[in-house]
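**Q** Sequence first, predicted model second:
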Amino acid sequence: MSNNSEDVRTQALKKIKGEVVAISSPLSAERIKNNVFPVIGEGNHHADIMFIGEAPGEKEAATGRPFVGRSGKFLNELLEGIGVKREDVYITNIVKDRPPKNRDPLPAEIEMYTPFLDRQIEIIKPKVIATLGRFSMVYIMNRYGLAEQVESISNMHGKVLETVIEKQRVKIVPLYHPAVALYNPGSREDLKKDFLVLKDILNS
């Protein structure tokens, strides 16, 4: 890859960051009031896998980084378990500012922030999108032509779906959110098994 292509992607992602920082929304007002950060995303701008969660938590908003709390530690374990370095993937959320008290994102909040996510996907051009949790699963499947296949995440997790984004074939793999595994040991084992699906895709 040329340095020029890296520059183009980095600059495009920086532009998104600037727009999110400047956005005017109820969640951005909370961010300013609490003196915390939006969480844009981080990782390899040429990543084969892009992980998409739902929204930042308290530690994420405090640092401006995705998945740095307890669920982030488990995500790191899962990546290590399949021999993938965190810095080689790209990690983001559908909503870029923290909802108060870590509540679920509202439909209007998802609608406001997902155009930034759409652009991140177009810029990074991942071969695999791994959704973490039901909100990102439903959004991505609806957005990219898989709406008719949407079921509950308990039925969808670990399945491999295919779609086309910007003329490129992309695999979509719904996964449980790592936070679920913190209070549901069964989900922890499901996530470990489902990450082996990602390993198989990368090795194929």
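**A** Now that the structure is in, tell me what you want to look at.

**Q** Quick one: classify the residue most central in space within the chain as helix, strand or coil.
**A** Residue closest to the average C-alpha location in the chain (C-alpha atoms, centre = their mean): I52, at 1.3 Å. Under DSSP: H, G, I helix; E, B strand; the rest coil, I52 falls in the strand class.

**Q** all helices of the chain, in order?
**A** Using DSSP state H, the helices of the chain run over 3-22, 26-34, 58-63, 70-81, 107-124, 134-143, 153-156, 185-203.

**Q** which one's the longest strand in the protein?
**A** strand 168-175 (DSSP state E).

**Q** So which elements touch that one?
**A** If contacts are counted by 3 or more C-beta pairs under 8 Å, 6 or more residues apart in numbering; DSSP states H and E, strand 168-175 sits against strand 128-132, helix 134-143, strand 161-165, helix 185-203. Quick note: C-beta positions are derived from backbone N, CA and C, even for glycine.

**Q** so what strands line up beside that strand?
**A** Applying DSSP bridges to the sheet, strand 168-175 is found paired with strand 128-132 (parallel), strand 161-165 (antiparallel).

**Q** List the contacts of it.
**A** 125-133, 137, 140-141, 144, 146, 153, 156-164, 191, 194-195, 197-198, 201 (C-beta atoms under 8 Å, 6 or more residues apart in numbering).

**Q** Emit the PyMOL select command for whichever of those residues are buried.
**A** For the buried members of these, the matching PyMOL selection, counting by 16 or more other C-beta atoms under 10 Å, is:
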select buried, resi 125+126+128+129+130+131+132+133+137+140+141+144+146+153+156+157+158+161+163+191+194+195+197+198+201
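
**Q** quick one: low-confidence parts of the protein?
**A** Residues of the chain meeting the criterion pLDDT under 70: 1-6.

**Q** dump the residue contacts of the residue nearest to R65 when sequence neighbours are not counted.
**A** Computed as C-beta to C-beta, 6 or more residues apart in numbering, the closest residue to R65 that is not its neighbour in sequence is E42, at 5.9 Å. Residues in contact with E42 (C-beta under 8 Å, 6+ apart) are R65, P66, Y90, I91, T92.

**Q** same thing but 7 Å
**A** R65, P66, I91 (C-beta atoms under 7 Å, 6 or more residues apart in numbering).

**Q** Show the contacting residues for the second one.
**A** Contacts of P66 were listed using C-beta under 7 Å, 6+ apart, and they are V39, G41, E42, G53, P56, E60, I91, T92, N93.

**Q** repeat for P56
**A** V39, P66, N93, D97, R98.

**Q** if we take the residues you listed, which one ends up nearest to E109?
**A** E109 has its nearest neighbour among these in D97, at 8.1 Å by C-beta to C-beta.

**Q** Run a quick neighbour tally on the closest one.
**A** 26 (other C-beta atoms under 10 Å).

**Q** Please name the spatially closest residue to it (chain neighbours excluded).
**A** L27 (3.7 Å).
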